[in-house]
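Q: sequence-free structure coming up:
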């Protein structure tokens, strides 16, 4: 009984934290990167949303990245419009902004990206 109460209390505290506010968990990759989405909007035949990728180990000194995406659900393809890289988990800290590649991409079968597209294109 104590274990159940602790689990419920822990879950309530963690997931009601402002850090997780608005972000919906979608997938976790084999290398433990967790993916969240937020603010899904449909406009002019496209879906726009924010994605947060949270890495338990820093990659190029960044623990997390937020990406603003445009999705063409009919063709099942995605385009990153803007990237924000963070030195702290869950998009915390001062961001470094980047706009490297804004071309369309298709999700590899069975990938986290495919799961994200499935989720936002419902």
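A: Structure's in. What do you need? This structure is a prediction, so every number in the text was calculated from the model and none was measured.
Q: Could you pull out the buried residues of stretch 46-53?
A: 47-53 (16 or more other CB atoms under 10 Å). From N, CA and C alone the C-beta is placed, and that goes for glycine too.
Q: Take the residues you listed and lay them out in JSON lines including pLDDT.
A: What follows is the buried residues of stretch 46-53, written out as JSON lines (pLDDT from 0 to 100):
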{"residue": "47", "pLDDT": "97"}
{"residue": "48", "pLDDT": "97"}
{"residue": "49", "pLDDT": "96"}
{"residue": "50", "pLDDT": "96"}
{"residue": "51", "pLDDT": "97"}
{"residue": "52", "pLDDT": "97"}
{"residue": "53", "pLDDT": "96"}
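Q: max-length strand in this structure?
A: strand 46-59 (DSSP state E).
Q: hang on, residue 71 packs against residue 77?
A: Yes. Counting by CB atoms under 8 Å, residue 77 is a contact partner of residue 71 at 7.4 Å.
Q: The two: which is more packed in?
A: residue 71 (21 against 15; other CB atoms under 10 Å).
Q: And the strands in the protein, which stretches?
A: Under DSSP E, the chain gives strands at 24-28, 34-43, 46-59, 62-72, 77-86, 96-98, 105-106.
Q: now those as a markdown table including distance to residue 114?
A: Listed next are the strands of the chain as a markdown table, based on distance: least, CB to CB, whole Å:
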| stretch | distance to residue 114 |
| --- | --- |
| strand 24-28 | 9 |
| strand 34-43 | 11 |
| strand 46-59 | 13 |
| strand 62-72 | 12 |
| strand 77-86 | 10 |
| strand 96-98 | 24 |
| strand 105-106 | 9 |
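Q: Would you mind telling me which of those strands is nearest residue 115?
A: strand 24-28 (4.3 Å; CB to CB).
Q: Quick check: neighbours of the closest one in the sheet, parallel or antiparallel?
A: strand 34-43 (antiparallel) (DSSP bridges).
Q: what ranges of the protein fall below the confidence cut-off?
A: 1-21 (pLDDT under 70).
Q: Tell me which of the strands of the chain is the most buried.
A: strand 62-72 (a mean of 19; mean count of other CB atoms under 10 Å).
Q: next one: it to chain centre, how far?
A: Relative to the centre of its chain, strand 62-72 is centred 6 Å away, using CA atoms, centre = their mean, to the nearest Å.
Q: Nice, that's everything, thank you.
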